[in-house]
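> Have a look; sequence and predicted model below, questions after that.
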Amino acid sequence: MSTLVPLSRRTFTVIRQSSRRGFSTSGSYHSKKHYQLLVVGGGSGGCATAAKFAGRLGKGHVAVIDPSEMHYYQPMWTLVGAGLKTLQASGRPMQSVLPSSCDWIKDRAVKFDPDSCMVTTASGEQIGYDYLVVAMGMQLNYSQIKGLPEAFRVDKSVCSNYWSETVTQTFPALEALQGGNAIFTFPNTPIKCAGAPQKIMYLADHYLRKAGKRDKTNIIYNTSLGVIFGVKKYAERLMDIVKNRNIEVNYRRSLVEVRPDKKEAVFVDLDSPEGRTETYQYSFLHVTPPMSAPDPLRQSSLVNPDGYLDVNKETLQHVKYPNIFGIGDCTSVPTSKTAAAAAAQSGILKKNLQAVMSGGKAQSQYDGYTSCPLLTGNNKCILAEFDFAGQPLETFPIDQGKERRLMYHMKKDFMPELYWNVMLKGNWNGPALTRKMLHLGLSK
Ligand SMILES: Cc1cc2nc3c(=O)[nH]c(=O)nc-3n(C[C@H](O)[C@H](O)[C@H](O)COP(=O)(O)OP(=O)(O)OC[C@H]3O[C@@H](n4cnc5c(N)ncnc54)[C@H](O)[C@@H]3O)c2cc1C
């Protein structure tokens, strides 16, 4: 941690250059703590970013603010919901994943004051910075659905893979299911991992067939979107799958209420001008909640009109404050929000933040790379990978739109190792290099 006086030549240089670039860091020197780099959020993007800079800037110069005791590898929650992994296997103590040379401020950021380069925490501490990286992920807004918080408490057939508190309800609910309607929802907001609401549906279908309960169960996918998936190539394959597996898909349907006493789920038809609703009986209900950027960010001056950190989609630099960058789900970057996207962004962010710290310009450009391993059964997976334009950007020189066992094992066995041992240590910038090599240099 640096104090009123810059501690090292490196720190001093940064501050001098910062001022030259037209932003003041002086206000933050009234705070008790001051860091050269402050990262808000220690999830996938924040932890990877801290790891990239902690060693370079030295002990005491990088801090991460995050109140969570545990760091979860959330992509594993699809497998937890399907009974193929445990919640325990998906998490590690936050302390163990953050770089040892960075300070962990175990608190919640509640206020951003970018003009004074200061972040205030829930305990009232004011923390100053020269450079800020915002990596706060998505906020889950379960309470926006009437009756849902209560339904989680009283009805064991209502579950959600999106939260550590509810993901462990999914598989027991599937085991208890004896037939009727099994409903899977997709909300009317941007979400993280847009494939996850349907991945659990295919795994449930697989489980129910194996358990001999599928012929008594109607599987229904009620999605707020007008398509099953945003990228045409993969959407076409998924349409074949839902048809072959006798899954009912209803578009532009958004869950607005759950009535656990009557086992009813109420959906609004988003195309109906008068807000027509439809009520479904459910025997099993998997809810993907509405999401947003976290409230303290949404209430700050750092966001775009949609409430996301307003960054340049290619450089990841804030549009107004050049000493602020963003990574991951809480940003305005118009790509599918995934850990894979955060990994690819982390390499760009590192180059650009380093350039700005040395008085240069943010010039590296993110291409929107994101990936969604669409598990379609207990041993099958379509590995969707694409860019800003929704064009496939596949790593392997094979058709990844086909269901493959190899991709299933990549998702289940290889990716968690890559995450814990390479990405969180700051050494994974996505598969661009591998892709170029495997395509003999002919890919983007
Ligand atoms: C069920 C499910 C399946 C998924 N499947 C995949 C997949 O197959 N592949 C894939 O690539 N991605 C997948 N994802 C998405 C992936 O987990 C996220 O996109 C990724 O974690 C985003 O990283 P992030 O750093 O932006 O946010 P997160 O990893 O969510 O981290 C945000 C951090 O910010 C902290 N925070 C929040 N508010 C504050 C505050 N006020 N102050 C301080 N800290 C705060 C949180 O505690 C958290 O630690 C899945 C997610 C879910 C839930």
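Thanks, I have the structure now.

> Check which element follows the lengthiest helix in the chain along the chain.
Scanning the chain for the helix with the most residues, using DSSP state H, yields helix 339-357. For helix 339-357, the following helix or strand on the C-terminal side (DSSP states H and E) is strand 370-377.

> ok, back up a step: what about the longest helix of the chain and the ligand, any contact?
Yes: judged by Cβ under 6 Å from any ligand atom, helix 339-357 and the ligand are in contact via 339, 340, 342. Every C-beta, even on glycine, is put in place using the N, C-alpha and C of the backbone.

> CSV please, covering the residues you listed and showing pLDDT and neighbour count.
Output for the residues of helix 339-357 next to the ligand, formatted as CSV (pLDDT from 0 to 100; neighbours: other Cβ atoms under 10 Å):
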residue, pLDDT, neighbour count
339, 98, 22
340, 98, 26
342, 98, 28
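
> circling back: elements contacting the longest helix of the chain?
Using 3 or more Cβ pairs under 8 Å, 6 or more residues apart in numbering; DSSP states H and E as the contact definition, the elements that helix 339-357 packs against are helix 44-57, strand 126-134, strand 324-326, strand 370-377.

> Just say helix, strand or coil for whichever residue of the stretch 301-444 of the chain sits closest to the ligand.
The ligand sits closest to residue 328 of the stretch 301-444 of the chain, with a gap of 2.2 Å, by Cβ to the nearest ligand atom. Three-state call for residue 328 (DSSP: H, G, I helix; E, B strand; the rest coil): coil.

> With adjacent residues omitted, what lies nearest to it?
Distances taken as Cβ to Cβ, 6 or more residues apart in numbering put residue 45 closest to residue 328, at 3.3 Å, once the chain neighbours are dropped.

> burial measure for that neighbour, as a count.
Residue 45 has 30 neighbouring residues, counting by other Cβ atoms under 10 Å.

> Contact partners for it?
By Cβ atoms under 8 Å, 6 or more residues apart in numbering, residue 45 lies in contact with 135, 137, 327, 328, 329, 342, 345, 346.

> so what's whichever residue of the stretch 51-200 of the chain sits closest to the ligand up against?
Minimum separation of the stretch 51-200 of the chain from the ligand (Cβ to the nearest ligand atom) falls at residue 137, amounting to 2.7 Å. By Cβ under 8 Å, 6+ apart, the contact list for residue 137 reads 41, 43, 44, 45, 192, 294, 328, 329, 330.

> List the beta-bridge partners for the fifth one.
According to DSSP bridges, the partner residues bridging residue 192 are residue 337.

> So what's the residue count around it?
By other Cβ under 10 Å, neighbour count at residue 192 equals 23.

> picking up where we left off before, give me the distance from the longest helix of the chain to the chain's centre.
16 Å (Cα atoms, centre = their mean, to the nearest Å).

> Surely residue 213 touches residue 178?
Yes: under the criterion of Cβ atoms under 8 Å, residue 213 makes contact with residue 178 at 6.7 Å.

> Looking at the two, which one has more neighbours?
Neighbours were counted for residue 213 and for residue 178 using other Cβ under 10 Å; residue 213 has more, 16 against 10.

> In terms of pLDDT, where does the more buried one sit?
Confidence at residue 213, expressed as pLDDT, is 98.

> Over to residue 378?
89.

> Tell me the spacing between it and residue 404.
Separation of residue 378 from residue 404 (Cβ to Cβ, to the nearest Å) stands at 13 Å.

> Also residue 247?
20 Å.

> can you list the residues of the stretch 151-300 of the chain near the ligand?
Near the ligand, when you scan the stretch 151-300 of the chain using Cβ under 6 Å from any ligand atom, you find 161, 162, 192, 193, 196, 294, 296.

> who's in contact with the closest residue to the ligand within the chain?
Taking Cβ to the nearest ligand atom, the ligand has its nearest neighbour within the chain at residue 43, 1.7 Å off. Residues in contact with residue 43 (Cβ under 8 Å, 6+ apart) are 66, 71, 135, 136, 137, 328.

> Could you rerun that using 7 Å?
Going by Cβ atoms under 7 Å, 6 or more residues apart in numbering, residue 43 touches 71, 135, 137, 328.

> Farthest-apart pair in these, please.
Using Cβ to Cβ, these reach their maximum pairwise distance at 71 and 328, which is 13.4 Å.

> For the residue lying closest to residue 214 once chain neighbours are set aside, which three-state class applies?
Nearest residue to residue 214 in three dimensions, chain neighbours excluded: residue 208, at 4.2 Å (Cβ to Cβ, 6+ apart). Taken by three-state DSSP, the conformation at residue 208 corresponds to helix.

> Test my guess that residue 208 contacts residue 215.
No: counting by Cβ atoms under 7 Å, residue 208 stays clear of residue 215, with 8.9 Å between them.
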